[in-house]
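K.L.:
okay, sequence plus prediction incoming.
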Amino acid sequence: MDHISGAPSLSSKDLVRFDNVGLRYDNSGEVLSDISFSLARGGFYFVAGPSGAGKTSLLKLLYLAQRPSRGKITMFDADIGMLERRRLPGFRRRIGVVFQDFRLIPHLSAFDNVALPLRISGLNESDILGPVSEMLDWVKLGPRMHALPSSLSGGEQQRVAIARAVIGRPLLLIADEPTGNVDPDMAVRLLQLFEGLNNSGTTVVVATHDLHLMNRIPGAHLMRVAKGRLADPTGALRYPPASRRASAGLA
Amino acid sequence: MSAADQMPTPLQPAQGLAGPVPWMVAVMTMLAMLALAGALALTPAAASLSGQIVDRVSIQVPIAEPLQRRMVVRQLRENLADAPYVRDVQVLSESALRAMADQWLGDAGEDAALTLPAIIDVDLVSADGYDRLVRNVRQISPDAEVVPHARYLGPVASLMRSLGWIAAGIALLTALVAGAIAVLSARSRLEGERETIDILHLVGATDVQIARMFQRQVARDTLWGVTIGGAIGLLLTLLLFWQLRGIASGLATGGAAWSMVLLLLIPPVILVIAVFSARRAVLHALGNMV
């Protein structure tokens, strides 16, 4: 596995770039500081780190649930910090998100949960049936398409969540501890799903504690988050801002 | 209509009549209709009363001796009938006066010994003729008293007008309260749906799309409320008008059809206020999210 490399310069290969990004909630201290990295198109990334390190906050910035308090995030060639609020939905439609707790809508069937992004994007019902059925078949839930989430197992719910995340053919797929609530066999199968998507060109970011899982994707990059900063495996700051890099003699 | 408008709502299913909102809206609708019905009844009645009294005066001739009283009354009638500022002169007959006195005094009113003043009702061409009338009456009978009807009934007409405006204000406020109920309901629903809203935002829903989902639920709840409240309000209004028709017949003027149209407009107006207030509240709240 490669550890994520060098301070990034945005190229046509880069889908996302963070420059010196900081995040704070309300008036509290920063939960993320000096985060700099870039994600290449078609890359596979793991985000690792202890609980409370800031992984989820980092993912929230990636899936546009938060905007940075400082620094600059460039995503899909746009400065997210400067993006008008009304343009956010269009950007979010290019991102798929999978959560540990699935976040399915409980009174909608598996089919309707998966169809949600397509309906939101305004597709006609006639254009929805085929892709959604196909997607549910792909995650091996075709026969259960009318089941409510409450009647599905944890693994099945997670597969519905993945199907919902990828039905809109996102450029970026983000998964926050996607295997946390499923058994090891299912975790491997889910990872295979992510790998399949990655092979078709989707950039995948998976936050996980599971080292075993990380080792199953040999070409994946690893980002370690510790105490709100991006760190290398030794714990040292990996991408300090240019000014600090110079003063620390890291340039 | 796009699939987003037709899709099964991701929000929790509305409680419908099992929830409190339709019933609160129903009560507000009913109260608004009753208040407006009051306003619609009082305002034309006050106008009618004002129109009837503004140019009318009564001349009381308090002379005890009957022959002299009749002579003065005849003189006044003849004099006033030719006056250019007088439209009409009517002398109340003694029997009519006795009948009026009977209403207050019972059998005592029949007592021939009881002296009643003579009363002449005069309709002036305009209120400007009042001073000339008083001068004219004083010349013929210094003891006669000229009483403008507006002195006694004017405050009543004014009170009726005020009550009418107050009732209209209550109708408006009640309709706005119904809107406020819808806003509070939408806000509380918004809190309960935070997780779903986050999901909807994540899959790329716009604020307008989400607001529309809330709007539909508010519209459903409010529709139930205005339908029930409107039906009860209309029934009660018709019942009250039916009961009051004897009392109001002398005062009410036309416009019943317009009144009915205005009354029937209350439910849809409340529905529109509620839905658009809720939409604005939801959009405002969503605008404060990331």
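P.N.:
On my side now, so go ahead.
K.L.:
show me which residues of the stretch 51-200 of chain A sit near chain B.
P.N.:
A:63-67, A:85-86, A:88-90, A:92-93, A:95, A:97, A:103, A:105, A:107-108, A:112, A:115-125, A:128, A:164, A:168 (C-beta under 8 Å from any C-beta of the partner chain). To be clear about C-beta, it is placed using only N, CA and C from the backbone, and glycine gets the same treatment.
K.L.:
which among those count as buried?
P.N.:
Among those, those buried by neighbour count (16 or more other C-beta atoms under 10 Å in any protein chain shown) are A:63-67, A:88-89, A:92-93, A:95, A:97, A:103, A:105, A:107-108, A:112, A:115-121, A:123, A:128, A:164, A:168.
K.L.:
wait, is B:Ala257 part of a strand?
P.N.:
No: counting by DSSP: H, G, I helix; E, B strand; the rest coil, B:Ala257 is not part of a strand but helix.
K.L.:
next one: it from chain A, what distance?
P.N.:
Distance check for B:Ala257 against chain A: by C-beta to the nearest C-beta, to the nearest Å, it reads 46 Å.
K.L.:
same question, B:Pro84
P.N.:
75 Å.
K.L.:
report the contact partners of residue 22.
P.N.:
As the question left the chain open, I've gone with chain A. By C-beta atoms under 8 Å, 6 or more residues apart in numbering or on different chains, the contact set of A:Gly22 is A:Glu30, A:Leu32, A:Ser33, A:Asp34, A:Ile35, A:Pro68, A:Ser69, A:Arg70, A:Gly71.
K.L.:
ah, I was thinking of chain B
P.N.:
Each residue near B:Pro22 by C-beta under 8 Å, 6+ apart is listed here: B:Gly16, B:Asp221, B:Thr222, B:Trp224, B:Gly225, B:Ile228.
K.L.:
tell me which residue in chain B sits closest to chain A.
P.N.:
B:Gly204 (3.5 Å; C-beta to the nearest C-beta).
K.L.:
does that residue touch A:Pro89 like I think?
P.N.:
Yes: applying C-beta atoms under 8 Å as the test, B:Gly204 and A:Pro89 come out as touching, 4.6 Å apart.
K.L.:
identify the contacts common to these two.
P.N.:
By C-beta under 8 Å, 6+ apart, no residue touches both B:Gly204 and A:Pro89.
K.L.:
that older thread, give me the neighbour count for the residue of chain B closest to chain A.
P.N.:
Neighbour count of B:Gly204, defined by other C-beta atoms under 10 Å in any protein chain shown: 22.
K.L.:
and the pLDDT for it?
P.N.:
If you check B:Gly204, the pLDDT there is 91.
K.L.:
in contact with it, which residues?
P.N.:
A:Pro89, A:Gly90, A:Arg92, A:Arg93, A:Pro117, A:Ile120, A:Ser121, A:Gly168.
K.L.:
try it again at 6 Å.
P.N.:
Contact analysis of B:Gly204 by C-beta atoms under 6 Å, 6 or more residues apart in numbering or on different chains lists A:Pro89, A:Arg92, A:Arg93, A:Ile120.
K.L.:
touching, the last one and B:Thr206? I think so.
P.N.:
Which is A:Ile120. No: counting by C-beta atoms under 6 Å, A:Ile120 stays clear of B:Thr206, with 8.2 Å between them.
K.L.:
okay, buried residues for the helix or strand harbouring B:Met33 please.
P.N.:
Element membership for B:Met33, per DSSP states H and E: helix B:21-53. The neighbour-count check on helix B:21-53 (16+ other C-beta under 10 Å) flags B:21-50, B:52-53 as buried.
K.L.:
go on, stretch B:264-281?
P.N.:
B:Ile266, B:Pro267, B:Val269, B:Ile270, B:Leu271, B:Ile273, B:Ala274, B:Val275, B:Ser277, B:Ala278, B:Arg279, B:Ala281.
K.L.:
out of those residues, which are close to chain A?
P.N.:
With the criterion set as C-beta under 6 Å from any C-beta of the partner chain, no member of these is near chain A.
K.L.:
could you dump those into TSV and include secondary structure?
P.N.:
Listed next are the buried residues of stretch B:264-281 as TSV, based on three-state DSSP:
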residue	secondary structure
B:Ile266	helix
B:Pro267	helix
B:Val269	helix
B:Ile270	helix
B:Leu271	helix
B:Ile273	helix
B:Ala274	helix
B:Val275	helix
B:Ser277	helix
B:Ala278	helix
B:Arg279	helix
B:Ala281	helix
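K.L.:
any idea of the pLDDT on whichever residue of chain A sits closest to chain B?
P.N.:
Relative to chain B, the nearest point of chain A is A:Arg93 (3.5 Å; C-beta to the nearest C-beta). Note for A:Arg93: predicted pLDDT of 93.
K.L.:
got TSV for the contacts of B:Gly204, with secondary structure too?
P.N.:
Below are these laid out as TSV (three-state DSSP):
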residue	secondary structure
A:Pro89	helix
A:Arg92	helix
A:Arg93	coil
A:Ile120	helix
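K.L.:
can you say which of the contacts of A:Gly22 are buried?
P.N.:
A:Glu30, A:Leu32, A:Ser33, A:Asp34, A:Ile35, A:Pro68, A:Gly71.
K.L.:
residues touching the residue nearest to the spatial centre of chain A, list them.
P.N.:
Taking C-alpha atoms, centre = their mean, the centroid of chain A lies closest to A:Ile174, which sits 1.4 Å from it. In this structure, A:Ile174 makes contact with A:Leu59, A:Leu62, A:Tyr63, A:Val97, A:Val205, judged by C-beta under 6 Å, 6+ apart.
K.L.:
how far is the lengthiest helix in chain A from where the chain is centred?
P.N.:
Criterion DSSP state H: the longest helix present in chain A is helix A:184-199. Centre-to-centre, helix A:184-199 and its host chain are 14 Å apart (C-alpha atoms, centre = their mean, to the nearest Å).
K.L.:
ok, now stretch B:157-169?
P.N.:
For stretch B:157-169, the distance to the chain centre is 7 Å (C-alpha atoms, centre = their mean).
K.L.:
can you pull the buried residues of that stretch?
P.N.:
B:Ala157, B:Met160, B:Arg161, B:Leu163, B:Gly164, B:Ala167, B:Ala168.
K.L.:
what does it rub up against?
P.N.:
Residues outside stretch B:157-169 that contact it (C-beta under 6 Å, 6+ apart) are B:Ala35, B:Gly38, B:Ala39, B:Leu42, B:Thr43, B:Ala45, B:Ala46, B:Leu49, B:Ser50.
K.L.:
now swap in stretch B:282-290 and tell me
P.N.:
So stretch B:282-290 is contacted by A:Gln66, B:Ala186, B:Leu190, B:Asp207, B:Ile210, B:Ala211, B:Phe214 (C-beta under 6 Å, 6+ apart).
K.L.:
could you rerun that using 7 Å?
P.N.:
Contacts to stretch B:282-290, defined as C-beta atoms under 7 Å, 6 or more residues apart in numbering or on different chains, come from residues A:Ala65, A:Gln66, A:Arg67, B:Ala186, B:Arg187, B:Leu190, B:Asp207, B:Ile210, B:Ala211, B:Phe214.
K.L.:
now stretch A:160-170: how far from the chain's centre is it?
P.N.:
Relative to its chain's centre, stretch A:160-170 lies at 12 Å (C-alpha atoms, centre = their mean).
K.L.:
A:Leu173 belongs to a helix?
P.N.:
No: secondary structure of A:Leu173 (three-state DSSP): strand, not part of a helix.
K.L.:
neighbours around it, how many?
P.N.:
Applying other C-beta under 10 Å, we find 24 other residues in the vicinity of A:Leu173.
K.L.:
can you check B:Ile59 too?
P.N.:
Using other C-beta under 10 Å, B:Ile59 has 27 neighbouring residues.
K.L.:
ranges for the helices of the stretch 1-150 of chain B?
P.N.:
Using DSSP state H, counting those that start in this stretch, the helices of the stretch 1-150 of chain B run over residues B:3-6, B:21-53, B:66-81, B:94-105, B:130-140, B:149-192.
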